[in-house]
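1. 3D model of this:
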Amino acid sequence: MESVLGILIAIGFFLPSIIAGQRRVLGHNAVILLNLMVVTWPWALAFAFSPFTRDFLDGCDRPPR
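-> The predicted structure follows:
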């Protein structure tokens, strides 16, 4: 699992430079949006799989005491 996350983060690291080459094709605003998405998704993955998130969601499912 850790190796998969490492590979995904590495791809996320190098993708903006690849996308920057597409600037002339896509236009400047689209490139900025794509770069923001690439930068934020590893953090979204880390948040989604963190134990804190699981505890928080379990707490939401429990009926109030």
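2. only C-alpha atoms from now on, for both contacts and neighbour counts.
-> OK.
3. worst-scoring helix or strand of this structure, pLDDT-wise?
-> Every helix and strand of the chain was ranked by mean pLDDT, DSSP states H and E. The lowest is helix 23-26, at a mean of 61.
4. after it, which helix or strand is next?
-> Beyond helix 23-26 on the C-terminal side, the first helix or strand identified by DSSP states H and E is helix 28-48.
5. elements contacting that next one?
-> Contact here means 3 or more C-alpha pairs under 8 Å, 6 or more residues apart in numbering; DSSP states H and E; on that basis helix 28-48 packs against helix 2-20.
6. surely residue 42 touches residue 7?
-> No: if you go by C-alpha atoms under 8 Å, residue 42 and residue 7 don't touch, sitting 10.8 Å apart.
7. the two - which one has more neighbours?
-> Neighbours were counted for residue 42 and for residue 7 using other C-alpha atoms under 10 Å; residue 42 has more, 18 against 11.
8. okay, now residue 34: neighbour count?
-> 14.
9. that one and residue 41: what is the separation?
-> 11 Å (C-alpha to C-alpha, to the nearest Å).
10. what residues are up against residue 13?
-> Contact partners of residue 13, counting by C-alpha atoms under 8 Å, 6 or more residues apart in numbering, are 38-39.
11. state the distance from it to residue 43.
-> As defined by C-alpha to C-alpha, residue 13 lies at a distance of 12 Å from residue 43.
12. what of residue 8?
-> 11 Å.
13. next: residue 14.
-> Residue 14 is 16 Å from residue 43, by C-alpha to C-alpha.
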